[in-house]
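J.: Provided below are the primary sequence and the corresponding predicted coordinates.
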Amino acid sequence: MKVDLHIHTTYSDGAYSPEMIVDTAIDCDLNVIALTDHDNILSYPIAKKYADDNDKKIEIIQGVEINTIYKGYEVHILGYFPDVQNTDFLSMLKFQQNARIHQAKEMVALLQKKAGIRIQFEDIKKLVAPQGSIGRPHIARAITNAGGVANVMEAYAKFINDDSPVYVKRKTVSPHDACEVIYEAGGIPVFAHPIDVEIAESLIKELINYGLRGVEAYHRKHSPAVVEYYSTLAEQNGLIITGGSDFHAPSMSHGTIIMGKNFVPAWVYDELLKEKKRIEIS
């Protein structure tokens with residue numbers, strides 16, 4: 001069994017539609033995937049319907065990735081199997097979405113005023129699927145499309161960084177709130193790609209008190225030594241181990257896609273299902 005529990009679509013900063021993700025995952029011989037768009041859950045029903053209507057043999061899990069900022073660090077909390085009708089869960093997503101829109105609109109105003117780059121909010125909005133999550137990649141692409149820079153990398157270097165006079169930091173819920181809300185909605189909160197967070201180990205231990213139930217040990221950024229380190233940390237603290245490619249787009253450097261390319265053991269999915277049943281019973 002091949003598993004990938006971290007995949008993005010055009011409803012956040014992914015390059016593929018939910019339908020394309022399903023077809024690509026099958027082409028990669030994946031048996032189980034989780035759709036984990038940033039701060040929204042819109043891609044899952046589309047992918048599920050497409051798979052069911054076309055008799056696509058693949059298991060699709062409802063997931064989400066909540067982007068938080070804590071003590072200056074980007075801390076991402078994955079959530080699996082949440083009750084998507086839960087009021088607090090939906091309120092959290094709404095807060096996150098409004099914050100993304102506010103950030104983009106403020107940056108548009110500053111780009112016009114301080115950098116002379118004439119883009120509109122609609123120029124950014126059209127780069128993401130309807131009601132999807134606007135993020136830094138969309139802002140960078142809009143700047144590039146307007147001719148403000150030569151390419152997206154230059155847009156990031158000049159405008160999408162904390163030191164830029166036009167960059168506006170987004171307001172977010174805390175990772176503590178994200179874990180608590182996901183857990184209370186019957187979901188499984190998981191600390192995503194801990195290699196990116198310098199304080200990951202201490203924060204993981206702290207978040208256990210707020211419902212954290214897993215650590216994403218398997219990730220394309222994680223070397224075998226890092227996988228072992230975070231797997232051990234998870235086991236020592238009674239947490240499950242998850243993993244995925246964190247697929248956003250085809251990898252130009254490798255000449256192929258990354259989805260499903262990093263090894264995630266089949267037992268990871270089994271442990272996720274066991275944790276789901278445990279939460280349902282408790």
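T.: Yep, that arrived. Computed from a predicted model, the values in this text were never measured in an experiment.
J.: tell me the secondary structure at residue 34.
T.: Recorded secondary structure, residue 34: strand (DSSP: H, G, I helix; E, B strand; the rest coil).
J.: tell me the bridge partners for it.
T.: With DSSP bridges as the criterion, the beta-bridge partners of residue 34 are residue 61.
J.: so how far is residue 265 from it?
T.: When distance is defined by Cβ to Cβ, to the nearest Å, residue 34 is 15 Å away from residue 265. C-beta coordinates here come from the backbone N, C-alpha and C atoms, glycine included.
J.: could I get the full set of helices for the stretch 151-282 of the chain?
T.: Along the stretch 151-282 of the chain, the segments classed as helices by DSSP state H, counting those that start in this stretch run 152-158, 175-184, 200-207, 224-236, 266-281.
J.: repeat that for the stretch 1-150 of the chain.
T.: In chain order, the stretch 1-150 of the chain shows helices spanning 18-27, 43-53, 87-114, 121-125, 136-145, with DSSP H, counting those that start in this stretch as the criterion.
J.: deepest in the core, which of these is it.
T.: Across the helices of the stretch 1-150 of the chain, averaging neighbours per residue (mean count of other Cβ atoms under 10 Å) puts helix 136-145 on top, at a mean of 22.
J.: and the angle for that helix with helix 87-114?
T.: Compare the direction of helix 136-145 with that of helix 87-114 by axes from the mean of the first three to the mean of the last three Cα atoms, to 10 degrees and you get 30 degrees.
J.: I'd like the helices of the stretch 151-282 of the chain as CSV, with mean pLDDT appended.
T.: As requested, the helices of the stretch 151-282 of the chain are arranged in CSV below (pLDDT from 0 to 100):
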stretch, mean pLDDT
helix 152-158, 95
helix 175-184, 98
helix 200-207, 98
helix 224-236, 97
helix 266-281, 94
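J.: of the ones you listed, which is nearest residue 6?
T.: Closest to residue 6 of the helices of the stretch 151-282 of the chain, according to Cβ to Cβ: helix 266-281, at 11.2 Å.
J.: and that closest one, what does it pack against?
T.: Of the remaining helices and strands, those touching helix 266-281 by 3 or more Cβ pairs under 8 Å, 6 or more residues apart in numbering; DSSP states H and E are strand 3-7, strand 188-191, strand 214-219, strand 240-244.
J.: can you rerun that using 6 Å?
T.: In this structure, helix 266-281 makes packing contacts with strand 240-244, judged by 3 or more Cβ pairs under 6 Å, 6 or more residues apart in numbering; DSSP states H and E.
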